[in-house]
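Participant: following is a predicted model, sequence given first.
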Amino acid sequence: MSIVVGTIELKKDVDRPLSAAFLAWSSEEAQRAWGDPGDGWVMAFDQFRFTVGESDICRFGPKGGQQYINENHYLAIEPEQRIVYSTSLSSAGRLNFAGTVAITFEATDSGARMRLIEQGLYFDGQEDIAGHRSGWEGMLSALGKYLLSRP
């Protein structure tokens, strides 16, 4: 058994107001749109409860392949300021990752800046920092495109 400890920190500026950036995280419909893992993959929420003390449960993976379960438990939600949640990722009944994610929102001259920090434990080589960083970069890029496509 092995455990790797890691931190990812990313920023994303968007030419949209804080309210729109925050709504993209707080809405199941929005998260399904920008969180879509792409061609050949499926994603569905078993539960979406964006409230402190509640949880989201999302299943995703390649069609016909290994499925992953992501559980997020909300610890703090301050509209248009920050979201903090504990998170875990498992597959085939095995815990692959556990950690904490914080997203902060800040007004900029042209819109909003989101800062994402993930601190986590990567178990037994099933997940790694580079993979999570790449995943978050892709999702933040998709989130930016989603926001630009909205009125």
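Facilitator: Perfect, I can see it now.

Participant: buried ones in the top strand by length along the chain?
Facilitator: Under DSSP state E, the strand in the chain containing the largest number of residues is strand 94-107. Buried residues in strand 94-107, defined by neighbour count with 16 or more other Cβ atoms under 10 Å: 96-99, 101-103, 105. Backbone N, C-alpha and C define where each C-beta goes, glycine included.

Participant: what of stretch 6-18?
Facilitator: 6, 8, 12, 14, 16, 18.

Participant: so what pairs up with the first one in the strands?
Facilitator: With DSSP bridges as the criterion, the beta-bridge partners of G6 are G120.

Participant: what are the ranges of the helices in this protein?
Facilitator: 18-26, 28-34, 129-149 (DSSP state H).

Participant: now tabulate the ones you listed in CSV and tack on mean pLDDT and distance to F123.
Facilitator: As requested, those are arranged in CSV below (pLDDT from 0 to 100; distance: least, Cβ to Cβ, whole Å):
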stretch, mean pLDDT, distance to F123
helix 18-26, 97, 26
helix 28-34, 95, 25
helix 129-149, 95, 13
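
Participant: okay, those helices, which one's buried deepest?
Facilitator: Of all the helices of the chain, helix 18-26 carries the top mean neighbour count, a mean of 18, counting by mean count of other Cβ atoms under 10 Å.

Participant: elements contacting that one?
Facilitator: Helices and strands touching helix 18-26, as assessed by 3 or more Cβ pairs under 8 Å, 6 or more residues apart in numbering; DSSP states H and E, comprise helix 28-34, strand 82-91, strand 94-107, strand 112-123, helix 129-149.

Participant: distance from it to the middle of the chain?
Facilitator: Counting by Cα atoms, centre = their mean, to the nearest Å, helix 18-26 is centred 13 Å from the centre of its parent chain.
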